[in-house]
Structure formats: C-alpha cells, structure tokens
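Undergrad: I would like to see how this sequence folds:
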Amino acid sequence: REGGRVVAVDLFADKLEALVADLPDLDVPLVTVAGDITAQADVDRIVAAADGRIDALANIAGINDDFSPLHETSDAMWDRVIGVNLTGTFKLTRAVLPLMVDAGKGSVVNVASEAALRGNSSGNAYTVSKHGVIGLTKSAAFMYGPAIRVNAVAPGGVATGIPFPPNVSEAGLRRLQPFQSQIPTIATAEELAASITFLLSDDAVNINGAVLASDGGWS
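TA: Prediction:
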C-alpha cells in the first residue's frame with residue numbers, strides 16, 4: 001500500500017500463492033520466493049529476485065520453541081530455533097547489506113519479541129534467539145549507521161498462526177503461564193506491520209539501533 005515493490009519470502013509456495021490472491025489490487029507486482037533463510041543458496045535466490053536494489057529489509061521469519069527451561073532443551077530444539085530466528089536473520093541481512101552500502105542508504109527492521117526484553121515470556125531457546133536478534137540489531141546499527149538504519153520491533157502476541165511444537169514442556173508452561181496470561185491484547189498482522197513499516201520508512205529517519213516494543217503495553 002505504501003507503493004514499494006515487495007519480495008515476499010516463505011518456506012511454502014502455497015502460502016505465497018495465497019498471499020498474492022489476497023492482494024489483487026496492488027499497483028506494483030508482488031515478487032515471491034519460496035525458500036529457507038537458513039540455506040545460503042536460498043538466501044542468494046532471494047537477493048537475486050530484488051534485481052540489484054534493496055531499500056528496506058524486514059526480517060520476520062521465526063519459529064517458537066517448546067517452552068522448555070534450559071536443562072530440558074534438546075540439541076534439536078536449540079539448533080532449529082537458533083537457526084531460523086537468529087542465524088537466518090544474520091544470513092539474509094549479511095547478503096543484503098552490500099547492496100545498501102553501495103547505494104549509501106537503507107533500512108533494516110528485525111522482528112525480535114517480548115522474549116527479547118525479559119526472561120518470562122517463552123522458553124530457553126526462543127528467548128536466547130530473540131536476545132541475539134537485539135544484539136545483531138545494535139551491532140549493525142553502530143557499524144552501518146547513520147546511512148543504513150537497523151532497528152527492531154519487539155511484539156507481544158500476534159495472530160499469525162505461528163505453530164507450537166507438539167510436545168510443550170509442562171514445567172516451562174507451568175512457570176510461564178501466570179505471566180503469559182497478563183498479555184493485554186493480541187495484535188493483528190496488519191497492526192504489527194504498521195510498526196515495521198514505520199521503522200523501515202523515512203518517517204523514522206532519525207531512529208537507529210532502537211527496539212520498539214509493539215505489544216499493547218505488555219512490557
């Protein structure tokens with residue numbers, strides 16, 4: 001709606017097809033790439049789809065953990081959550097930054113989480129991954145700013161249908177539940193997109209290295 005040419009990425013081609021069908025009246029084409037941001041070959045295809053110009057990057061892809069405390073966290077859960085939430089963000093941003101450096105401008109927004117601000121909103125692996133996203137954001141903001149701005153949003157609950165693993169930790173859920181139940185509101189995807197778009201846009205021209213809590217006041 002802002003008039004930008006968007007390259008949309010998802011693991012699943014059918015979800016991208018559904019997105020295109022939901023947005024039939026766009027003035028600019030929506031380019032879709034089915035790929036895995038943890039795979040370098042797919043990251044290269046994503047960047048290639050932009051045809052040499054990327055003004056803004058929104059790192060949105062993320063998965064949940066099983067709410068396990070540290071001593072229950074399996075290697076598989078740790079590797080998968082860190083891989084998607086942190087390493088995937090790192091790989092895609094690393095691939096995009098040279099184009100922004102050559103252009104002398106750009107904006108990156110990373111989706112962190114309420115779990116990036118404190119320890120009582122999710123499990124061990126997810127909380128660590130999102131704290132890592134904040135570190136990546138602040139380091140890049142310092143290294144590339146002010147010409148290239150790198151910020152983060154920290155959402156609370158968002159109605160995106162993000163799946164939970166089938167075997168949620170009973171101990172972790174029991175410990176987290178009183179705090180999770182205090183969430184004041186579940187945002188729609190469009191409401192969170194407004195925060196992301198603001199930080200990506202020139203309206204946020206003087207904002208770099210910030211973490212915007214977009215959580216209805218939960219934090």
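
Undergrad: What residues sit buried inside the helix or strand where L192 lies?
TA: Using DSSP states H and E, L192 sits within helix 189-200. Neighbour counts over helix 189-200 (16 or more other CB atoms under 10 Å) mark L192, A193, S195, I196, T197, F198, L199, L200 as buried. No exception for glycine: its C-beta is placed from N, CA and C like everyone else's.

Undergrad: what residue is smack in the middle of the chain?
TA: Nearest to the geometric centre of the chain sits I60, at 2.6 Å (CA atoms, centre = their mean).

Undergrad: pLDDT score assigned to that residue?
TA: At I60, the pLDDT value in this model is 95.

Undergrad: ok, then the element right after the top helix by length along the chain?
TA: In the chain, with assignment by DSSP state H, the single longest helix is helix 124-144. Where DSSP H and E defines the elements, the next helix or strand beyond helix 124-144 is strand 148-155.

Undergrad: quick one: contacts of that next one?
TA: 93, 97, 100-101, 105-114, 116-117, 130, 133-134, 137, 140-141, 144, 187, 192, 195-196, 199, 204-205, 207-215, 219 (CB atoms under 8 Å, 6 or more residues apart in numbering).

Undergrad: Give me the subset of those lying in strands.
TA: Among the contacts of strand 148-155, the members found in strands (DSSP state E) are G106, S107, V108, V109, N110, V111, V211, L212, A213, S214.

Undergrad: between those residues, which is closest to L11?
TA: When these are compared for distance to L11 (CB to CB), V111 wins out at 16.0 Å.

Undergrad: Quick check: the gap between that closest one and D102.
TA: Remark: distance between V111 and D102 (CB to CB, to the nearest Å) = 25 Å.

Undergrad: Pick out whichever of the two has more residues nearby.
TA: V111 (23 against 11; other CB atoms under 10 Å).

Undergrad: So which helix or strand of the chain has the lowest pLDDT on average?
TA: helix 170-180 (a mean of 86; mean pLDDT, DSSP states H and E).

Undergrad: Put together TSV for the buried residues of helix 189-200, with distance to N167 on each row.
TA: Below are these laid out as TSV (distance: CB to CB, whole Å):
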residue	distance to N167
L192	28
A193	32
S195	32
I196	32
T197	36
F198	38
L199	36
L200	37
